[in-house]
Every structure is written in structure tokens, then in C-alpha cells.
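>>> Sequence first, predicted coordinates after that:
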Amino acid sequence: MEQVTRLVGVYHADGDLRGELTYWIKARFGAAHCALCDITHGTFRRKGDWVACEQGLGVEFTTFHLNDRPGDVAAASEGATPCVLADTAAGTLVMLVGPAELEGCAGDPERLMDAISQAAAAAGLVVPMDPRPSGDAND
């Protein structure tokens, strides 16, 4: 099984000030939607439960917007945003979670972590996860 060295999220929106503002306004009126944004961000900032999930990853989770994707990320995600890609030890980018799967997460970061784990396993990839503490220290 091949090791994932980084996860890459691609939002379905532009990342400059104009793009962010346009998306925010359109999203309020139902004219724009990004399922990855729903998972990672609330109205004005990153969700606390997303931050906790991201910290549980044993690899970096980098994000890009449509207009700031490097060439390899743009090529791997073209026509399939929002999405989550795996950057592998071999230097290839593999689509793990596409738009439909992100939509199925219904804004829940834990569901995204599960989707990433399942897709990675199906692709023969290993995503390092930091162990999460169990509920009771006496278990």
C-alpha cells in the first residue's frame, strides 16, 4: 500500500477577495454552493470541528481555490470540484473524494474523514491518522 504524503482540498470558488465576497453573497441566496466549504467553514470562519478533524490527520491538508491551484492540482481536479486529492509518496495526485461524495458528507467533517479513509483504502493508499483519544481515560 502506498503512503499519502499530503491531502489537497479544492474549493469550488475563487480565492481572491472578489471571489470570496462573490461566493459568500451568492451562497446566502442559494446561487453558489461548495460542499467542501460547507464542511470546513461556517458563515465567517473555519469550523471548530473541522479544525479538530484536520489536526487528527497525520499529514498536511492543503487547500486551494479554483484560481490559485498549481498546474498539477488543476489538472487532477479539472471538472471535478470541489474535491479532495491524495498526494502520494510516488508524487502522483489521486482523486479520493469528488463532488458527489463531498455532498454526501452533508457538511460533517467526521463524515469527510470517513470518506477519505474509505476511498484511500479502496485505492490502495494509506492516510496516516493521529490516534484520537478515547472518551474515558480508564478504558
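Yes, it's here.

>>> Mind listing what's buried along the longest strand along the chain?
Using DSSP state E, we find that the single longest strand of the chain is strand 2-10. Buried residues in strand 2-10, counting neighbours by 16 or more other CB atoms under 10 Å, are found at 4, 7, 8, 9, 10. Placement of C-beta: from N, CA and C, glycine included.

>>> can I assume the third one is in contact with residue 84?
Spelled out, it's residue 8. Yes. The criterion here is CB atoms under 8 Å, and residue 8 meets it with residue 84 at 6.9 Å.

>>> count of neighbours near the spatially closest residue to residue 57 that is not a sequence neighbour?
Nearest residue to residue 57 in three dimensions, chain neighbours excluded: residue 129, at 6.2 Å (CB to CB, 6 or more residues apart in numbering). When neighbours are counted by other CB atoms under 10 Å, residue 129 registers 14.

>>> same question, residue 124
If you count neighbours by other CB under 10 Å, residue 124 ends up with 10.
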